[in-house]
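# Predicted model follows, preceded by the sequence.
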Amino acid sequence: MSKYQNFKLASYVFAYYLDRATPEKIKSDLAFHQKHVGLDKVYLETHRALVDVPEEKMLAAKKIFEDAGVEVAGGITTTVKVGEKKPSVYDTFCYSDPAHRAELTRIVKYTAKLFDEFILDDFFFGACKCKMCIEKKGNKSWAQFKLDQMEEVSRELVATAKEVNPACRVIIKYPNWYESYQENGYNPGKQKDIFDGIYTGTETRNSNYSSQHLQRYMSYSLIRLMENVAPGRNGGGWIDMGGAMGNLSVYLEQAELTFFAKARELMMFNFPSMVNNPALAALGVDLDRVDAILSKLGNPTGVSTYEPYDADGEDQLINYVGMLGIPLEPTPEFDDKAPVIFLTQNAAYDQEIMPKLEKYVREGGIAIITSGFFRATADRGIFDMTSVRPTDRKFTGTRYQLTNQNVATHNVHRNDEAITFTALNYKTNSTWADVLLHVNDFSTPVMTEDYYGDGFLYILNIPDNFGDLYKLPKDVVGAIAKNFARKGKMFLSVSPKFNLYLYDNDTFGVFNFNEFKEPAEIVILGDEYAGFEDLETGMKITTPVRINPRPMRWGDCAAFRPEPVEKVYNLPVFGGGYRFFRLIRAE
């Protein structure tokens, strides 16, 4: 019986270990895991690079875990040493080479014979560009060639496994680098219907020194994206110690966010590396707390964020935006029923995006688009919805003005660190700038708004360096977050590097990734709620520190746009910590 009520805990046991570990060593290491975290399942790897675990060793290891009440599945890492060295990162298989295809078939047959389920570690991609691949590619782009080839290989692999063992379930694990899937043949749009299930890499590691631009929020957002890719069939999130050896909190955060996104299982990579590792004991304590919190949360919600299959553009940008305390719900489908949608340049990959967007806004939707999306659709009709026009000019500054047209207060905010933005031209009173960057008697928009039909179009100006978003002052972040929260219940006004997680039962969580306690405010919209209470302590916060000014009629205006009252509360979340709350309904 699982130690946890809301999820299962699993570990990946890689082939090198199984090939050399004695039965006594395996039993001792399992006892260490059971003492600190409790294991529900293990995935025993049959093949990795030069190692094939002999059948007698694999069966002996399998029995040890089963006798201990641990569920057992198989695993394969598709790295290979056959023939000549291929021009491929990590020595992944060349799927144009018949010898490599034959080798994969052999490994799959062997694994399917031993297990009723196995998972493919995230090396199941095609990075090879040998002469065979070049010839087979022909006139296709590399991305299209790899997508087509890996779809074919996926169908063959699953069919091979089921020929050997009709009961065998085959799971594909997707890596954390989702913006690069198509270039390497990862094809979730097709593979979700080929494989029996999927799994998600939520390894965020060290965001400061990562060539992948991975931000902490990705451990949450990628689970949500892949859950929307294959509803009910996303097995869980996969974390490791890589990049987290120097900071234990980074390791724990991967697990925490994976579960805040409502993953069903957590895979720890890998079994031997966690033995006598203090991270395992810390994880056990942390997961007891996480499990108790999860019992009180509903289903995750957020601003619908369209990420089409095979798209790229502003890579990983949504995770930088998520680190501004803006809650997102990534999805591979355009949701025309969502109250608010967020579109980065990735969404422009959809060749029909402009008709969808125009109709959505015209009929009352609220759309927030990035400057990258705006430029990508410049010749596809976006100019019909706004007077904003792109330029090549750059402006660097530290002073911002909040000029929301519906609130007659103009606040100026400064930050010590400058940000460079591309200037956007716009026509006054046709388009309004909600946030401006001021530099030497000149200004350029950071966020604009346009009335269009019954809805609104917002453009969020993104700096060339996405990390510069973390230099924005607290109140500027709040002004941006307010527009994402239109038709919502609340938003955060915080300095950067906060997360906000929303759920459909009036609960929410806040994570502060800063080293220290930072100024943070929660803004509750409307009169339906009278504050919030801590889900763990029961502490209630019901007295706002202020109530923001309501919209008022400007000058010669005949009316103003109705907006809900904004009740502002201080939010006590210390650095490196998280708290979860429930909104209190007004009596």
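Structure's in. What do you need?

# Quick one: low-confidence residue ranges for the stretch 51-200 of the chain.
Counting by pLDDT under 70, the stretch 51-200 of the chain contains low-confidence residues at 82-84.

# Hmm, I typed the wrong one, I wanted the chain.
When the per-residue scores of the chain are filtered using pLDDT under 70, the ranges that remain are 82-84, 405-410, 552-554.

# what residues go with each domain of it?
The record's domain split for the chain, according to automatic domain parsing, is 8-295, 301-585.

# Output these in JSON lines; the columns should cover distance to residue 1 and mean neighbour count.
Yep, even glycine has a C-beta here, placed from its N, CA and C like the rest. Below are the domains of the chain laid out as JSON lines (distance: least, CB to CB, whole Å; neighbours: other CB atoms under 10 Å):
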{"stretch": "domain 8-295", "distance to residue 1": "8", "mean neighbour count": "19"}
{"stretch": "domain 301-585", "distance to residue 1": "25", "mean neighbour count": "18"}
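
# which one of those lies closest to residue 2?
Of all the domains of the chain, it is domain 8-295 that lies closest to residue 2, at 5.0 Å by CB to CB.

# chain center to that closest one, what's the gap?
18 Å (CA atoms, centre = their mean, to the nearest Å).

# can you pull the contacts of the spatially most central residue of the chain?
The centroid of the chain falls nearest to residue 221 when counting by CA atoms, centre = their mean (2.3 Å). Listed by CB atoms under 8 Å, 6 or more residues apart in numbering, the contact set of residue 221 reads 261, 318-319, 322, 328, 330.

# Taking these together, which two end up most distant?
The largest distance within those, taken as CB to CB, falls between 261 and 318 and amounts to 13.5 Å.

# State the distance from residue 489 to residue 508.
9 Å (CB to CB, to the nearest Å).

# Tell me the residues that contact both of these two, please.
Taking CB under 8 Å, 6+ apart as the contact rule, the neighbours common to residue 489 and residue 508 are 502, 583.

# and residue 483, what element?
helix 474-484 (DSSP states H and E).

# hmm, who's touching that helix?
Outside helix 474-484, the residues that touch it by CB under 8 Å, 6+ apart are 303, 324-327, 340, 342, 366, 368, 400, 402, 404, 411, 413, 434-435, 446-447, 449, 458, 460, 472, 491-496, 518-521, 523.

# Okay, residue 495 and residue 469: tell me how far apart.
The spacing between residue 495 and residue 469, counted by CB to CB, is 11 Å.

# ditto for residue 363
Relative to residue 469, residue 363 is positioned 31 Å away (criterion: CB to CB).

# Doesn't residue 100 lie inside a helix?
Yes - counting by DSSP: H, G, I helix; E, B strand; the rest coil, residue 100 is part of a helix.

# right, and it touches residue 80 too?
Yes - proximity of residue 100 to residue 80 meets the contact threshold set by CB atoms under 8 Å, at 6.1 Å.

# Which residues are in contact with each of the two?
residue 93.

# Now residue 336: closest residue in space that isn't a chain neighbour?
On the basis of CB to CB, 6 or more residues apart in numbering, the spatially nearest residue to residue 336 that is not a chain neighbour turns out to be residue 360, at 5.3 Å.

# Could you grab the helix/strand/coil label for that neighbour?
Here residue 360 is recorded as helix under three-state DSSP.

# Contacts for stretch 155-170, please.
When contacts are defined by CB under 8 Å, 6+ apart, stretch 155-170 is touched by residues 101, 104-105, 108-109, 111-113, 115-118, 120, 194-197.

# now do 6 Å
Under the criterion CB atoms under 6 Å, 6 or more residues apart in numbering, residues 105, 108-109, 112-113, 116-117, 194-196 lie in contact with stretch 155-170.

# Now render those as a markdown table, adding secondary structure.
Formatted as a markdown table, the entries for these read as follows, by three-state DSSP:
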| residue | secondary structure |
| --- | --- |
| 105 | helix |
| 108 | helix |
| 109 | helix |
| 112 | helix |
| 113 | helix |
| 116 | coil |
| 117 | strand |
| 194 | coil |
| 195 | coil |
| 196 | coil |
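
# so which two of these are the farthest from each other?
The widest separation within the contacts of stretch 155-170, taken as CB to CB, falls between 113 and 194 and amounts to 20.9 Å.

# What would whichever strand or helix holds residue 224 look like as PDB? C-alpha coordinates only.
Of the helices and strands defined by DSSP H and E, residue 224 is found in helix 218-229. Output in PDB follows, covering the C-alpha atoms of helix 218-229 (Å, rounded to 0.1, in the frame of the first residue of the first chain):
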ATOM      1  CA  MET A 218       8.700  24.500 -16.100                       C
ATOM      2  CA  SER A 219       8.500  21.700 -13.500                       C
ATOM      3  CA  TYR A 220       4.800  22.800 -13.200                       C
ATOM      4  CA  SER A 221       4.000  24.000 -16.700                       C
ATOM      5  CA  LEU A 222       5.300  21.000 -18.600                       C
ATOM      6  CA  ILE A 223       3.200  18.600 -16.500                       C
ATOM      7  CA  ARG A 224       0.200  20.800 -17.400                       C
ATOM      8  CA  LEU A 225       1.000  20.900 -21.100                       C
ATOM      9  CA  MET A 226       1.600  17.100 -21.300                       C
ATOM     10  CA  GLU A 227      -1.600  16.400 -19.300                       C
ATOM     11  CA  ASN A 228      -3.500  18.400 -21.900                       C
ATOM     12  CA  VAL A 229      -1.600  16.500 -24.700                       C
END
